[in-house]
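Trainee: Sequence and predicted structure are below.
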Amino acid sequence: MMGIDAVRSGTRWLRSYDAALWVACILPILYGVVTRLYFPRRFVSLIAEDGLGEMATAAFLFGAAWLVGAEAARARRDGRAWIIPALFAAGALFVGLEEASWGQRLFGYEVPWIQDVNLQTEVNLHNLIPTPFFQVLVLPSVFVGWAALGLVSRMSEKVDRFLETRNIPVPPLQSMPLLLVSATTIFFHEPAEMFFAAAVLVTAGTSRFYASSTGGPRRSLIALLACTCATLAVLEFGPHDEREFIRYQMSLMVADGYYARNGKVDNARSLLLQEARRFEGWVTVGSAAGPLATIALHEWRYGAPDEPSPTFLGRAVGQGRLYAARNSIDLAVLCRLAGKDEEAQVHLDHAEQLLREYERETAATPQPNPTAVQARADLLACRGHENEALELVLPHVSLDPPLYRRVRHVIRIRNLSALFANATSVEHHADP
């Protein structure tokens, strides 16, 4: 009787782990749906490069490689079939490294001969091929095909026996929602890849090629928890600057390219206001007008329930001037590099005019905008006043924690000064 009770107790535990694994596989999908609808900034973090989705994808694949690779080594030692599990582990490890760009941003190294031909200037191979090819053909086919393999193995005893004798990993039923949703959300490819990687990890934990096949759901749950904790630790304690830069860019893109164009003006406004509060003085390539000006333009383009206040519009105009001044300086640099010195002078004069208007409007502001300081220093450097530019900009960045950011300001000033030093036709019309 005690033996029967023990068996029943063990079966009950296994069933509880099965149910918990169902919940664990559905939670990422719910998180994606809820953040997409109600929490725009969390959604951006999920889909951004080096964000939660990409980091979790790499962590899940590394976890799967570890589980299956260790078992393949034991199987080889015990004389059991091991080649297919070893290939599965190697594939998971390779794809995980590709997803993490082989630690490029984590460790801060570059491989120019790869990045120069890479679509996203990253150290990986999969971005050498146009993205639509992967998004439309390769990835959905892999996701749906692997889910179909798992379903067919449960409907056909002959197929199931064939897969089991060759130790081919078969996705469990719990992973089916992850695989199917990953195929339907492929145009937000970071969440889709995360769902697929979670399915791979669950499969790695529950596969039947382990010497002891019991405890598969528990193994998968522990692996999911461990990899999720590792992901959050990297996001919290890993390099932040490049990731914040990318998320800022992605916020502007999602606000304009997804929320606003789909009639979700409130979500677009909420996202951009959050970014404006966090990065009001941060000018980035690709954000030509800045977050405040972008909000005003969105509300004019797509319609909004309330008209923007005059104060808000005034701030948006001022910020737009500041961003336009920075863009004019960058354009002057390009013209100087191309040997178009007269056109470079026109753009520098335009930047000077815009910047003076901005400085006049914000003269009463107690704290100067760091972007305005940088723009003024850039203009001084372009006019040949390198020392004045350094004296102006360095006090504002001396408290900036990352050393490389302070060095970057100095290098920029010196490069601008050197670039315009030999310009024959660039005259100093507007000394500050």
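Mentor: On my side now, so go ahead.
Trainee: In three-state terms, label the residue nearest the centre of the chain for me.
Mentor: In the chain, the residue lying closest to the centroid (Cα atoms, centre = their mean) is residue 49, at 1.7 Å. Following DSSP: H, G, I helix; E, B strand; the rest coil, the label given to residue 49 is coil.
Trainee: and residue 168, what are its phi and psi?
Mentor: When read as degrees, to the nearest 10, the backbone of residue 168 gives phi -80, psi 120.
Trainee: that older thread, pull up the gap between the residue nearest to the centre of the chain and residue 412, please.
Mentor: According to Cβ to Cβ, to the nearest Å, residue 49 stands 24 Å off from residue 412. For the C-beta atoms, the positions are set from N, CA and C on the backbone; glycine is no exception.
Trainee: now the strands: where do they sit in the stretch 301-432 of the chain?
Mentor: Here the stretch 301-432 of the chain has no strands by DSSP state E, counting those that start in this stretch.
Trainee: Could you tell me which ranges of it sit under the pLDDT cut-off?
Mentor: For the stretch 301-432 of the chain, residues meeting the criterion pLDDT under 70 lie at 301-312, 396-408, 422-432.
Trainee: sorry, back to before: hmm, the residue nearest to the centre of the chain is touching residue 120, no?
Mentor: Yes: if you go by Cβ atoms under 8 Å, residue 49 and residue 120 touch, sitting 7.5 Å apart.
Trainee: How many residues are close by residue 346?
Mentor: The number of residues packed near residue 346 is 14, by other Cβ atoms under 10 Å.
Trainee: let me redo that: residue 223
Mentor: Residue 223, neighbours per other Cβ under 10 Å, totals 21.
Trainee: Do I have it right that it meets residue 204?
Mentor: Yes: contact criterion Cβ under 8 Å: residue 223 and residue 204 qualify, at 7.2 Å.
Trainee: overlap in contacts of the two?
Mentor: Contact criterion Cβ atoms under 8 Å, 6 or more residues apart in numbering; residues shared by residue 223 and residue 204: 63, 64, 67.
Trainee: could the residues you listed go into JSON lines alongside neighbour count, distance to residue 395 and secondary structure?
Mentor: Below are these laid out as JSON lines (neighbours: other Cβ atoms under 10 Å; distance: Cβ to Cβ, whole Å; DSSP: H, G, I helix; E, B strand; the rest coil):
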{"residue": "63", "neighbour count": "26", "distance to residue 395": "47", "secondary structure": "helix"}
{"residue": "64", "neighbour count": "31", "distance to residue 395": "50", "secondary structure": "helix"}
{"residue": "67", "neighbour count": "24", "distance to residue 395": "53", "secondary structure": "helix"}
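Trainee: Now pLDDT and distance to residue 362 too, for these, in TSV please.
Mentor: As requested, the shared contacts of residue 223 and residue 204 are arranged in TSV below (pLDDT from 0 to 100; distance: Cβ to Cβ, whole Å):
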residue	pLDDT	distance to residue 362
63	95	51
64	94	53
67	91	57
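Trainee: In terms of distance to residue 360, which of those ranks first?
Mentor: Nearest to residue 360 among those: residue 63, at 57.3 Å, using Cβ to Cβ.
Trainee: on that earlier part again, quick one, phi/psi of the residue nearest to the centre of the chain?
Mentor: Torsion angles at residue 49 (phi, psi; degrees, to the nearest 10) stand at phi -60, psi 140.
Trainee: Repeat that for residue 169.
Mentor: The phi/psi pair for residue 169 (degrees, to the nearest 10) reads phi -60, psi 130.
Trainee: mind listing the helices for the stretch 251-400 of the chain?
Mentor: Here the stretch 251-400 of the chain has its helices, by DSSP state H, counting those that start in this stretch, at 265-279, 290-302, 310-337, 341-361, 370-382, 386-397.
Trainee: Out of the shared contacts of residue 223 and residue 204, which comes closest to residue 361?
Mentor: residue 63 (53.8 Å).
Trainee: show me what contacts that closest one?
Mentor: 201, 204, 223, 224, 226, 227.
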